[in-house]
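Visitor: pasted the sequence and its predicted model underneath.
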Number of protein chains: 2
Amino acid sequence: MISVEDALAQICGSLTPLGAEQVSLSDAHGRVLAEDLAARRTQPPFAVSAMDGYAVRAVDIAGLPKRLKLVGYIPAGGSHDGVVGIGEAVRIFTGARLPDGADAVVIQEDTEAGDGTVLVKDTVGPFEPGRHVRQAGIDFVEGQIGLKGGRRLTARDVGLAAAMNRPWLLVHRRPRVAILPTGDEVALPGDPIGPNQIVSSNGSALGALVVACGGVPIQLGIARDDSDTLKTMAQGAAGADLLVTIGGASVGEHDLVKKALGEIGLSVDFWKIAMRPGKPLMFGRLGTTAVLGLPGNPVSALVCGMLFLKPAIERLQGLPGSGPALEPARAGADLKANDGRQDYMRARLSRDADGALVALPFTKQDSSMMSALAGADCLVVRPPLAPAVPAGGRLNIIRLSDSHAIL
Amino acid sequence: MISVEDALAQICGSLTPLGAEQVSLSDAHGRVLAEDLAARRTQPPFAVSAMDGYAVRAVDIAGLPKRLKLVGYIPAGGSHDGVVGIGEAVRIFTGARLPDGADAVVIQEDTEAGDGTVLVKDTVGPFEPGRHVRQAGIDFVEGQIGLKGGRRLTARDVGLAAAMNRPWLLVHRRPRVAILPTGDEVALPGDPIGPNQIVSSNGSALGALVVACGGVPIQLGIARDDSDTLKTMAQGAAGADLLVTIGGASVGEHDLVKKALGEIGLSVDFWKIAMRPGKPLMFGRLGTTAVLGLPGNPVSALVCGMLFLKPAIERLQGLPGSGPALEPARAGADLKANDGRQDYMRARLSRDADGALVALPFTKQDSSMMSALAGADCLVVRPPLAPAVPAGGRLNIIRLSDSHAIL
């Protein structure tokens, strides 16, 4: 058996980022940038007003109240041809170009408009050159790398790329992930179900996971536990970047996937991982397609999907392909010492009076229970041979979906 | 001025969930369920083996080692016609139906196969009925509500719905969000840029945000600062559930959006919010379309988008429409007392030696600086009139994008 870390390193080490394609800004959210993105503009390209008010010379704003002569008007997008002189002011709006001569802006709340004049009544704090002015280039300058290659683009990044005047972006193409659940005991949702069968959930759940990771799922259907069927259906993965098989990978005589695909050239990199749920796991290569064999129990399949498939899809997209982030939390109950396998316990998350996260593992940790996984807020990660942890003691968790982060 | 909380309550209070549509499981990830989803199956529908091994009567597993007579073979998906008697065993695989008579499974690692027999050498711990057996219904039973309406479906939920044999799901339809940036000072990325213009980033960034929230963006283009243009272009929002205008909403004479849309029937619910960035904010209704007016500065537009647009889109999808989750953190530097506006400071996040989150606000908090927002890990939330906080003191943050949560 090998460790989770070693398995992850081996998977990601054997994968390289896919080629790039150009997408428009409107399709760029969530994609991974395949180039360093330089600004085509300086932002702002000239000094602009940060507020609605009056462009002035700062030296004039002393001994308030003071009346200035109104010599112009600049809406956003407009400009003033003349130079603002001593004792003069120009009406200006947020985002408008600061006129020559002026070096500051008095906000309109501090003024009273007169007939061809403006009365500056008072200002908050000392008034110096540059007040309420955004200088040229305070955000970025032309040629500056605003976004680095290998970054997954957020909504904020898309906005920054737009401001840099980059309407088309080079991003890594989406990994095509073929999904092949196996087993005589499973039927697809809605299909006729035999007397000894259950409904297959792994293909649907892993398809959703692939989408969430930025990949394109290709559902190959369910392969029966039969070598010829497996070999035939695995051909459906031709053209995919990754083939994910599910089930048929335990310790029994039904290690069919490994055997069947071995006959058509599968080279297996490893086979068992010291973790729970999910011990039987396979990684290899069938021609140019990487192959990841996940265990068949639905909880095991999804946890292994998060730990290994997600980083694999990330790596193909040009990201580092790291495991999920660990966060510190406190134990909500006494936990026993762990055995030699890294444990991922389904748990509920809350906060104690101090605001610290508290993780309470469910009593039942059966790897077939989808309802418990769906209802979990996090996984408690227990390293191999971890000592017992009393309630309130420290442990690490992996948060499951967080619907709050959107920017 | 009204508070962020009041504004949010008013927005979400005036919106009701959109109608529902049926989607297949493969399209259901991230959608919000519009019905309580009951299981069409009991899972497992019968007792199954949790391991590869031998189905036995537990009473037989005493005085080990013990030899049992092999009377059958059940692969997953198969069954055994007879009844397992005293002194008998049936070869069984993970997920296969437990045969009548048997009440437990001995794992194959604890056995040695013989000629028509199996030798049970030893078991770990006491061996009782139910060992390595998943009883019928331990995950869920037919008719049980496995997923409640109003829940945004995760990959785990999709798996659970599949296991419940629900291939089609009723979900709220995606909100159509028309986006109308305004201003003479902005040009679309890639378009010709006038001498006093900058590149518009708000439409692109908010479009990405709408997608991230589960909506469908409709880009109406940029409206010039002209009443007729605004009225004409706002017609493009007909059929949308929400019209988002950006800019033209400050305190100056250029409050064009409010005036222009007022002439075609906009009823404005409120106008200014005690927050920074983003003071000028508008919410109302134009016919049946809700209208949200965001400030024009890109950072203000996105922060207000997160605080108000996201909950609005969520509400339309049938979610409660709450603000972003606050998390406790420690101040990375001394923070001054706050004024009367709720402040959202762009900040970097790290962890101290104790594992606690530490938020260090950027020195520059200008609401035009997209690069700073794109580089931020979180927003530090400072309530109105919050007292000074020393470095190490407590504060609340909102995390920005978290690429780790996918399940």
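Guide: Thanks, I have the structure now. Keep in mind that what you see is a predicted model, and the values were worked out from it rather than measured.
Visitor: what count of nearby residues applies to residue A:162?
Guide: Residues within reach of residue A:162, counting by other CB atoms under 10 Å in any protein chain shown, total 27. No exception for glycine: its C-beta is placed from N, CA and C like everyone else's.
Visitor: need the contact list for it.
Guide: Residues counted as contacts of residue A:162 (CB atoms under 8 Å, 6 or more residues apart in numbering or on different chains) are A:25, B:189, B:199, B:200, B:201, B:203, B:204, B:205.
Visitor: now swap in residue A:369 and tell me
Guide: Counted by CB under 8 Å, 6+ apart, residue A:369 has contacts A:299, B:138, B:139.
Visitor: filter the residues you listed down to just the ones in helices.
Guide: If you go by DSSP state H, those have residue A:299 in helices.
Visitor: export the contacts of residue A:369 as a markdown table, with columns for pLDDT and neighbour count.
Guide: Below are the contacts of residue A:369 laid out as a markdown table (pLDDT from 0 to 100; neighbours: other CB atoms under 10 Å in any protein chain shown):
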| residue | pLDDT | neighbour count |
| --- | --- | --- |
| A:299 | 95 | 26 |
| B:138 | 96 | 20 |
| B:139 | 96 | 27 |
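Visitor: any chance of the contacts of residue A:162 in TSV with neighbour count and secondary structure as columns?
Guide: Supplementary listing: the contacts of residue A:162 in TSV, determined by neighbours: other CB atoms under 10 Å in any protein chain shown; DSSP: H, G, I helix; E, B strand; the rest coil:
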residue	neighbour count	secondary structure
A:25	24	helix
B:189	22	coil
B:199	24	strand
B:200	28	coil
B:201	27	coil
B:203	26	helix
B:204	30	helix
B:205	33	helix
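Visitor: quick one: which of these is nearest residue A:85?
Guide: Sorting the contacts of residue A:162 by distance to residue A:85 puts residue B:199 at the head of the list, at 32.3 Å, by CB to CB.
Visitor: that closest one contacts residue B:186, correct?
Guide: Yes: counting by CB atoms under 8 Å, residue B:199 touches residue B:186, with 7.1 Å between them.
Visitor: of all of the stretch 201-350 of chain A, which residue lies closest to chain B?
Guide: residue A:205 (2.8 Å; CB to the nearest CB).
Visitor: give me every residue that touches that residue.
Guide: Residue A:205 makes contacts with A:298, A:301, A:302, A:305, A:370, B:155, B:156, B:158, B:159, B:162, as judged by CB under 8 Å, 6+ apart.
Visitor: just give the nearest non-adjacent residue to it, would you?
Guide: residue B:159 (2.8 Å; CB to CB, 6 or more residues apart in numbering or on different chains).
Visitor: follow-up on the earlier one: which of the contacts of residue A:369 lies closest to residue B:351?
Guide: Distances from residue B:351 to the contacts of residue A:369, taken by CB to CB, are shortest for residue A:299, at 29.2 Å.
Visitor: which residues are in contact with the closest one?
Guide: Taking CB under 8 Å, 6+ apart, one finds A:277, A:346, A:366, A:367, A:368, A:369, A:370, A:372, A:373 in contact with residue A:299.
Visitor: likewise for residue A:338?
Guide: Counted by CB under 8 Å, 6+ apart, residue A:338 has contacts A:382, A:383, A:384, A:385, A:386.
Visitor: specify the beta-bridge partners of the first one.
Guide: Put plainly, it is residue A:382. residue A:343 (DSSP bridges).
Visitor: isn't it up against residue A:335?
Guide: Yes: the criterion here is CB under 8 Å, and residue A:382 meets it with residue A:335 at 7.1 Å.
Visitor: list the residues that contact both of the two?
Guide: Listed contacts common to residue A:382 and residue A:335 are residue A:395; contacts here mean CB under 8 Å, 6+ apart.
Visitor: dump the helix or strand encompassing the residue nearest to residue A:205 to PDB, restricted to CA.
Guide: Assigned by DSSP states H and E, residue B:159 falls within helix B:155-163. Extracted C-alpha coordinates of helix B:155-163, given in PDB (Å, rounded to 0.1, in the frame of the first residue of the first chain):
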ATOM      1  CA  ALA B 155     -22.100  16.400  -6.800                       C
ATOM      2  CA  ARG B 156     -22.900  14.300  -3.700                       C
ATOM      3  CA  ASP B 157     -26.600  15.300  -4.000                       C
ATOM      4  CA  VAL B 158     -26.600  14.300  -7.600                       C
ATOM      5  CA  GLY B 159     -25.200  10.900  -6.600                       C
ATOM      6  CA  LEU B 160     -27.900  10.600  -3.900                       C
ATOM      7  CA  ALA B 161     -30.700  11.500  -6.300                       C
ATOM      8  CA  ALA B 162     -29.300   8.800  -8.700                       C
ATOM      9  CA  ALA B 163     -29.200   6.200  -6.000                       C
END
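Visitor: may I ask which helix or strand of chain A has the lowest mean pLDDT?
Guide: The weakest-scoring helix or strand in chain A, judged by mean pLDDT, DSSP states H and E, is strand A:267-272 (a mean of 80).
Visitor: and for that strand, what's in contact with it?
Guide: Residues contacting strand A:267-272 (CB under 8 Å, 6+ apart): A:1-2, A:7, A:10-11, A:14, A:258, A:262, A:279-286.
Visitor: mind checking which of those are buried?
Guide: Buried members of the contacts of strand A:267-272, counted by 16 or more other CB atoms under 10 Å in any protein chain shown: A:2, A:7, A:11, A:258, A:262, A:279-286.
Visitor: which is the next helix or strand following the helix holding residue B:159?
Guide: Following helix B:155-163 in sequence, per DSSP H and E, is strand B:168-172.
Visitor: report the inter-axis angle for that following strand versus helix B:155-163.
Guide: 140 degrees (axes from the mean of the first three to the mean of the last three CA atoms, to 10 degrees).
Visitor: where does chain A dip in pLDDT?
Guide: A:249-254, A:402-406 (pLDDT under 70).
Visitor: hmm, what's the outermost residue in it?
Guide: residue A:115 (55.7 Å; CA atoms, centre = their mean).
Visitor: endpoints of stretch A:212-221, how far apart?
Guide: End-to-end distance for stretch A:212-221, by CA to CA, to the nearest Å: 20 Å.
Visitor: ok, for residue A:387, nearest residue in space, not its chain neighbours?
Guide: Using CB to CB, 6+ apart, the closest residue to residue A:387 is residue A:337 (5.3 Å).
Visitor: near chain B, which residues of the stretch 201-350 of chain A are found?
Guide: Within the stretch 201-350 of chain A, the residues that sit near chain B (CB under 8 Å from any CB of the partner chain) are A:201-209, A:211-213, A:217, A:219, A:225, A:250-254, A:296-298, A:302, A:305-306, A:310, A:324-325, A:328.
Visitor: list only buried entries from those residues.
Guide: A:201-209, A:211-213, A:217, A:219, A:225, A:250-252, A:254, A:296-298, A:302, A:305-306, A:310, A:324, A:328.
Visitor: now the strands: where do they sit in the stretch 101-250 of chain A?
Guide: Remark: strands assigned in the stretch 101-250 of chain A by DSSP state E, counting those that start in this stretch are A:104-107, A:111-113, A:117-120, A:133-134, A:145-147, A:168-172, A:176-181, A:186-187, A:198-199, A:216-219, A:242-246.
Visitor: need the contact list for residue A:62.
Guide: Listed by CB under 8 Å, 6+ apart, the contact set of residue A:62 reads residue A:127.
Visitor: could you redo the last one with a cut-off of 10 Å?
Guide: Contacts for residue A:62 (CB atoms under 10 Å, 6 or more residues apart in numbering or on different chains) come out as A:120, A:126, A:127.
Visitor: lovely, talk soon.
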